[in-house]
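> What follows is a predicted protein model with its sequence.
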Amino acid sequence: MEIFLNWTELKSISTLKTCNLQYVNRGSNYFVFIADDGINYTVTIDITNPRNADQIDFEDNYQINANKRITPLVTFDGKLKVETYQAANTVNEIKIKDGEGNNRFAKVDVSGRLLVSQEAPTPPPSTTAVKITEYGAIAEIVDNIYIIPNTKTLYIQRLSASAEIDSTGGNAVELYYDPNGTGIDMIIIEVMFVGGNSYQKDLNDFFVGNGIRAIRMRRRRLSGGSKNIFARWEGYY
């Protein structure tokens, strides 16, 4: 599909879609276009002497940066296409363009997992933030019990977990709703199996307190000797 525009309109489309200008010098005119998802936006700029206003603007401000290689965002089978770079003694870096066309860099670890940095949960105004953090050596099972304040609605936003590298049985971090505050008849909220990696999971669970109901965060060795396990949940009421 081809859409014919004037020079001012094509510049606006180029800025809006962060697409590179392409052009062909036909001798008597420039055929300038943008290719975007099967649509070609085009304009013809006459080459005159003396130079006309559109010709001056294109030649002086845009021509030098035009005709750069068009890199598809996806491969032929629909998968996201990225470019990777690696400096000495570093993990791979992945370059991704943001919505404004700026280059941003993501990273992967040596196993190929994408390293993602997420914004910390922000409690709404006029609420009380809750952040429960536990870290230390665990040989079997250790629980942290948080009693939900009476009549308050507790919203859980995130669970984070990590542990030492483990070649034996591994580790688990479990988050439970404990309606009786006794560890009996608990309801699982989330579980993470960790060993040498760090994980985060955004949650959207809420519970009303009565002075007994609790949130129980459990750090557990599945087998093997003692290992350091980190766990944290965050929320507000």
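Nice, thanks for sending it over.

> mind checking the end-to-end distance for stretch 50-66?
23 Å (Cα to Cα, to the nearest Å).

> err, stretch 28-47, not the other one
5 Å.

> Which of the three states applies to Arg69?
Classification of Arg69 by DSSP: H, G, I helix; E, B strand; the rest coil places it in coil.

> Quick one: neighbours of it, just the number.
Residues within reach of Arg69, counting by other Cβ atoms under 10 Å, total 6. C-betas here are computed from N, CA, C, even on glycine.

> Strand partners (parallel or antiparallel) of the helix or strand that Trp233 is a member of?
Assigned by DSSP states H and E, Trp233 falls within strand 227-236. Sheet pairing here is set by DSSP bridges, and for strand 227-236 it gives strand 129-138 (antiparallel), strand 153-163 (antiparallel).

> just so I know, which of those lies nearest Gly27?
The closest of the strands paired with strand 227-236 to Gly27 is strand 153-163. By Cβ to Cβ, the value is 62.2 Å.

> Need the residues that contact the closest one.
Applying Cβ atoms under 8 Å, 6 or more residues apart in numbering, the contact partners of strand 153-163 are 121, 123, 130, 148, 171, 173, 175, 189-190, 192, 194-209, 215, 227-237.

> repeat that with 7 Å
If you take Cβ atoms under 7 Å, 6 or more residues apart in numbering as the criterion, strand 153-163 is touched by 121, 130, 148, 171, 173, 175, 189-190, 192, 194-195, 197-203, 205-209, 227-237.

> ditto for stretch 52-60
In this structure, residues lying in contact with stretch 52-60 by Cβ under 7 Å, 6+ apart are 7, 30, 32, 45-48.

> If you average the pLDDT over it, what comes out?
The pLDDT scores in stretch 52-60 average 96.

> how long is that stretch end to end?
12 Å.

> show me where pLDDT drops low in this structure?
For the chain, applying pLDDT under 70 flags the ranges 70-120, 168-169.

> okay, now the domains of it?
2-65, 83-115, 129-236 (automatic domain parsing).

> Tell me which of those domains sits most buried.
Neighbour counts (mean count of other Cβ atoms under 10 Å) averaged over each of these peak at domain 129-236, with a mean of 17.

> Now do it: distance to the chain's middle.
Taking Cα atoms, centre = their mean, to the nearest Å, the mean C-alpha location of domain 129-236 is offset from the chain mean by 24 Å.

> Report the separation between the two terminal residues of that domain.
Per Cα to Cα, domain 129-236 runs 4 Å from first to last residue.

> Scan this protein for its longest helix.
helix 7-17 (DSSP state H).

> Are we agreed that Thr182 is in a helix?
No. If the criterion is three-state DSSP, then Thr182 is coil and not within a helix.

> Quick check: bridge partners of the nearest residue to Val194 once chain neighbours are set aside?
Leaving out its chain neighbours, the residue that sits closest to Val194 by Cβ to Cβ, 6 or more residues apart in numbering is Ala163, at 4.3 Å. Taking DSSP bridges as the rule, Ala163 bridges to Ile229.
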